[in-house]
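Quick one: sequence plus predicted model below, questions after.
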Amino acid sequence: MHQNIVALSSIGRFKSPSESKGCSVTSHDNAMSCGTAKRPEDLPQAVWAKIQDHPCYSEDAHHYFARMHIAVAPACNIQCNYCNRKYDCSNESRPGVVSEKLTPQQALEKTLAVAAAAPQLSVVGVAGPGDALANAGRTFAAFELVAKALPHLKLCLSTNGLALPDHVDRIVAMGVDHVTITINMVDPQIGAQIYPWIFFRHRRWEGVDASRILHERQMEGLEALTARGVLVKVNSVLIPGVNDGHLAIVNEAVRARGAFLHNIMPLISDAAHGTHFGLTGRRGPTPDELRLTQDRLGANAKLMRHCRQCRADAVGLLGEDRGAEFTLDKLGATKPFDPRQREMYLSVVERERADRRKAQETAQMEMTTPDSPVLVAVATKGGGRVNLHFGHATEFQIYEVDSRGARFVGHRRTEKYCGDGHGEDAAMAATIAALGGVSAVLCAKIGERPRERLAAAGVVATDQYAFEYIEASAITWCSTRFQNADRAASA
Amino acid sequence: MTYMIVAKNCTGCGACEFECPNKAIKEKGGAFAIDPKKCTECVGHFDTQQCAAACPVPRTCIPAPAA
């Protein structure tokens, strides 16, 4: 079993910290702050049933469940200025090695292999590398094969929306109950700065005309899907200087049409990717700019903050990518999927979720409230626990702690500190920069040197909460710090 | 009169294959190619060449030089 997955053995092994302490204050008013309910009671049961094991739709689920993308959709019907098709779409699927194109049959084989190796797998999605519905034949053929072989998996797809109104009936009939639409604007004048052209009804459209058509099709598709009970997430690429001031209007427009979640993603822009924006020096937003834009949308914006902008062939929990383990040449003879293993995993997760929530409530009960919100970074490989070595982390999950408890507010990417021994100083400097504004790092283990470097930068790093639940640990760390500060002040 | 695809630029996305009214486009070693015997430049079907209009890479799906 791969190191980076939440192994059944590792998740159940540790005793719940909740047993040692009392109970319980529940705060419901904050649970929707990242748009993804933590608790079933915050949501209609029917909606919770749909999202509880979908890592992209539920922040809570993303600690426990994995998704895989099958790259059966290479063609696209629009051109975006943040995308260069030679390297996949750099925003809908991060650039790197061009993904292996799969036929529907190959996609089925890959899905069977992943399901057998990872009982965490809940979702199979088509997210490109082009547009799922510009390749509707291949996308639906793959879904049919997967649904027949592995009926417990949820199906989802991601589209720019141009072809969406033509496929709503098929989406509903196939039981695809999660659709993501990328909507970067509701004003064609702004759209014209993002989309140089679209291909629609047998011709190419350019300029404002192109964006007007795209916008109308997006809204029509969104309305039709939500009217039929399909959960729709809207992705918007935040492009500073183009749509940063416009996303509040986009948020209103998509919520009014029933979008379930709005995910604002930072523009990824680099001349090396060969995109128009990259080549013309249009930069992506800083982490602060992204957070400001998200915060400006307000408390009811239904924002998603745990998106990792994964590749079109990603496999695994959101923070990881096991895609390289499941390339075609490695599929060969794999063991068959075992439904008992999946059931066992589901029951472990149910218990873990309850324990984790109880631990958070207990910690909150005893907490000393910080004067202002505190950011705590966590190294985790999933399962809702502090369970990753600092040096092995490629990202940190960021929790905000205040009087209402601890809430996930985003993640920060970094390079692994532990590597081949080269460039550790550079990696450390990058990590410290990525942790700007963070007060503490909670991890399973950390070496003396990185601990000292972080301390010098004003960040406390501790392995005191190794393998404990994230939220409870973050709250307890803050409480301890403020109690100590009070004691020091009164001494 | 026919169109051709510059193989070294082709990303292999296949957008052209979907659109061709003559089924003249097939994948060959990761890139797509137009069968000149089947290509009609979409005359009688559409106002513009569908493959060229759908192709995401500039100067890649182009009129073939006269033989």
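That came through fine.

Please point out which parts of the helix or strand hosting residue A:112 sit buried.
Under the criterion of DSSP states H and E, residue A:112 resides in helix A:104-117. By 16 or more other CB atoms under 10 Å in any protein chain shown, the buried positions in helix A:104-117 come out as A:104, A:106-117. Where C-beta positions appear, they are placed from N, C-alpha and C, glycine not excepted.

Same check on stretch A:159-172?
Buried-residue list, stretch A:159-172, by 16+ other CB under 10 Å: A:159, A:160, A:161, A:162, A:163, A:164, A:165, A:167, A:168, A:171.

Looking at those residues, which one is closest to chain B?
residue A:163 (10.9 Å; CB to the nearest CB).

helix/strand/coil for the closest residue to that closest one other than its chain neighbours?
Of all residues not flanking residue A:163 in the chain, residue A:133 sits nearest, at 4.0 Å (CB to CB, 6 or more residues apart in numbering or on different chains). Under DSSP: H, G, I helix; E, B strand; the rest coil, the three-state class of residue A:133 is coil.

sorry, back to before: off-centre distance for the following helix or strand past the helix holding residue A:112?
Sequence-wise, the next helix or strand downstream of helix A:104-117 (DSSP H and E) is strand A:121-126. In terms of CA atoms, centre = their mean, to the nearest Å, the centre of strand A:121-126 is set 13 Å apart from its chain centre.

Pairing partners for strand A:121-126, with directions?
Here strand A:121-126 is paired, per DSSP bridges, with strand A:66-69 (parallel), strand A:154-159 (parallel).

Now do the buried residues in whichever helix or strand comes after it.
Going down the chain from strand A:121-126, the next helix or strand is helix A:136-149, by DSSP H and E. The neighbour-count criterion (16+ other CB under 10 Å) identifies A:136, A:138, A:139, A:140, A:141, A:142, A:143, A:145, A:146, A:147 as the buried residues of helix A:136-149.

that older thread, is it possible to get a markdown table of the buried residues of helix A:104-117 that adds distance to residue A:233 and pLDDT?
Below are these laid out as a markdown table (distance: CB to CB, whole Å; pLDDT from 0 to 100):
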| residue | distance to residue A:233 | pLDDT |
| --- | --- | --- |
| A:104 | 24 | 95 |
| A:106 | 27 | 93 |
| A:107 | 22 | 93 |
| A:108 | 25 | 94 |
| A:109 | 28 | 92 |
| A:110 | 24 | 90 |
| A:111 | 21 | 93 |
| A:112 | 27 | 92 |
| A:113 | 27 | 89 |
| A:114 | 22 | 89 |
| A:115 | 23 | 90 |
| A:116 | 28 | 88 |
| A:117 | 27 | 85 |
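
ok so, going back, which one among the buried residues of stretch A:159-172 gets closest to residue A:458?
residue A:160 (43.0 Å; CB to CB).

show me what contacts that closest one?
Going by CB atoms under 8 Å, 6 or more residues apart in numbering or on different chains, residue A:160 touches A:76, A:77, A:78, A:80, A:131, A:181, A:182, A:214, A:218.

Tell me how chain A divides into domains.
A:53-331, A:339-490 (automatic domain parsing).

for those domains, which one ends up most surrounded?
domain A:53-331 (a mean of 21; mean count of other CB atoms under 10 Å in any protein chain shown).

ok, and what's touching the helix holding residue A:112?
For helix A:104-117, using CB under 8 Å, 6+ apart, the contacting residues are A:1-2, A:68, A:70-72, A:102, A:121, A:124, A:138, A:141-142, A:144-146, A:149-150, A:153, A:315, A:322, A:325-326, A:328, A:331, A:334-338, A:342.

ok so, going back, restrict the contacts of residue A:160 to those that also contact chain B, please.
Applying CB under 8 Å from any CB of the partner chain, the subset of the contacts of residue A:160 adjacent to chain B comprises A:76, A:77.

thinking again about what came up before, what's the most distant pair in the buried residues of helix A:104-117?
Of all pairs in the buried residues of helix A:104-117, the most separated under CB to CB is A:104 and A:117 at 20.7 Å.

In contact with the residue nearest to residue A:163, which residues?
A:139, A:157, A:159, A:162, A:163, A:164, A:166, A:167.

check which helix or strand covers residue A:401.
Using DSSP H and E, residue A:401 falls in strand A:395-402.

Number of residues surrounding whichever residue of chain B sits closest to chain A?
Residue nearest to chain A within chain B: residue B:15 (3.8 Å; CB to the nearest CB). Residues near residue B:15, counting by other CB atoms under 10 Å in any protein chain shown, number 26.

Redo the buried residues of stretch A:159-172 as TSV? Include pLDDT.
Listed next are the buried residues of stretch A:159-172 as TSV, based on pLDDT from 0 to 100:
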residue	pLDDT
A:159	95
A:160	96
A:161	97
A:162	98
A:163	98
A:164	98
A:165	98
A:167	98
A:168	97
A:171	97
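
Show me these that map onto strands.
residue A:159 (DSSP state E).

need the buried residues of stretch A:159-172 in CSV with distance to residue A:455, can you?
Shown next, in CSV, are those (distance: CB to CB, whole Å):
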residue, distance to residue A:455
A:159, 47
A:160, 47
A:161, 49
A:162, 52
A:163, 54
A:164, 52
A:165, 56
A:167, 55
A:168, 56
A:171, 52
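
got the residues of chain B near chain A?
Close to chain A, as judged by CB under 8 Å from any CB, chain B has residues B:11-15, B:17-19, B:46-48, B:50, B:53-54, B:56-57.

Just the ones in helices from these, please.
With DSSP state H as the criterion, helices contain B:15, B:17, B:18, B:19, B:50, B:53, B:54 from among the residues of chain B next to chain A.

so, if you compare the contacts of residue A:160, which one comes nearest to residue A:379?
residue A:182 (30.6 Å).

Excluding residues flanking it in the chain, which one is nearest the closest residue to chain B within chain A?
Among the residues of chain A, residue A:75 lies closest to chain B, at 3.8 Å counting by CB to the nearest CB. Nearest in space to residue A:75, with sequence neighbours left out and distances taken as CB to CB, 6+ apart, is residue B:15 at 3.8 Å.

does the one you found really touch residue B:53, like I thought?
No: between residue B:15 and residue B:53 there is no contact under CB atoms under 8 Å: 9.4 Å.

residues shared between the contacts of these two?
residue A:199.

Strands of chain B, start to end?
Using DSSP E, strands in chain B cover B:3-5, B:25-28, B:31-34, B:61-63.

Quickly run through the sheet partners of the second one, with directions.
Applying DSSP bridges, strand B:25-28 is found paired with strand B:31-34 (antiparallel).

from the chain's centre, how far out does the strand it pairs with sit?
Distance, centroid of strand B:31-34 to centroid of chain: 7 Å (CA atoms, centre = their mean).

Next: stretch A:441-455.
26 Å.

Distance across it, terminal residue to terminal residue?
10 Å (CA to CA, to the nearest Å).

what residues does that stretch touch?
By CB under 8 Å, 6+ apart, stretch A:441-455 touches A:376-379, A:386-391, A:393, A:396, A:417, A:428, A:432, A:435, A:459-467, A:470, A:473-474, A:477.

quick revisit: which pair of the residues of chain B next to chain A spans the longest distance?
Farthest pair in the residues of chain B next to chain A, by CB to CB: B:12 and B:47, 26.8 Å.
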